[in-house]
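Colleague: sequence and predicted model, in that order:
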Amino acid sequence: MKKIYVFCMLTLASSIISCGSDPKKTDNNSPEVNPETTVEETKTKADFPLAEQGKALFEGEGTCVACHKLDTKVVGPSIQEIVAIYKAKNASIATFLNEASEPIVDPSQYSIMKANFAITKNMKPEQRLALEQYMMSLAP
Ligand code: HEC
């Protein structure tokens, strides 16, 4: 009698386990993730058409990447910190890079940033805008 009972419990348990794992498999194979990523990328490209050019300037001739990392402060504030403040105040990074507006992120360190205007003020307006779009596209 006891043996039959144990056998029944085992059968029941294994059927519950197999039942539980089946829907998970379907979830893992779900294609939902990919379309979402595509929508995100498309949105970024439409909103910031110059972002790629800006990235090249940021990491290349602008040398910005030496002092600005995505989410950690190095010499300068992180890109995400800068962008959060510029978004909140509806300010323009391109204008700042043309030395046509005051610092609003960390005025106490402004002199370090100011040295870079030698580079950014020699850029074309479109290049300053590209730098702005690249940074804004990295908003948290
Ligand atoms: C030598 C280090 C250094 C380099 C290189 C550098 N920055 Fe900065 N940057 C700083 C520091 C320090 C601050 C904080 C002072 C300030 O807020 O003005 C800053 C602040 C900023 C701000 C916020 C300004 C504000 O309103 O306060 C922006 C935007 C910015 N940098 C963009 C850039 C871009 C774009 C480049 C490349 C063309 C660049 N930085 C290159 C050090 C640097």
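Modeller: Thanks, I have the structure now.

Colleague: lowest-scoring secondary structure element of this protein by mean pLDDT?
Modeller: Within the chain, confidence by mean pLDDT, DSSP states H and E is lowest for helix 2-28 among all helices and strands, at a mean of 49.

Colleague: and the protein, which of its residues are near the ligand?
Modeller: Selection of the chain residues close to the ligand by C-beta under 6 Å from any ligand atom yields 62-64, 66-68, 75-77, 82, 93, 96-97, 103-106, 109-110, 112-113, 116, 119-120, 131. In this view, the C-beta of every residue, glycine as well, is placed from N, C-alpha and C.

Colleague: now with 8 Å, please.
Modeller: 57-58, 62-68, 75-77, 82, 85-86, 91, 93, 96-97, 101-110, 112-116, 119-120, 131-132, 135 (C-beta under 8 Å from any ligand atom).

Colleague: weed out the non-buried ones from these.
Modeller: 57-58, 62, 64, 68, 76-77, 82, 86, 93, 96-97, 105, 113, 116, 120, 131-132, 135 (16 or more other C-beta atoms under 10 Å).

Colleague: that's a helix at Thr138, yeah?
Modeller: If you look again at residue 138, you'll see it is Leu, not Thr. No. Counting by DSSP: H, G, I helix; E, B strand; the rest coil, Leu138 is not part of a helix but coil.
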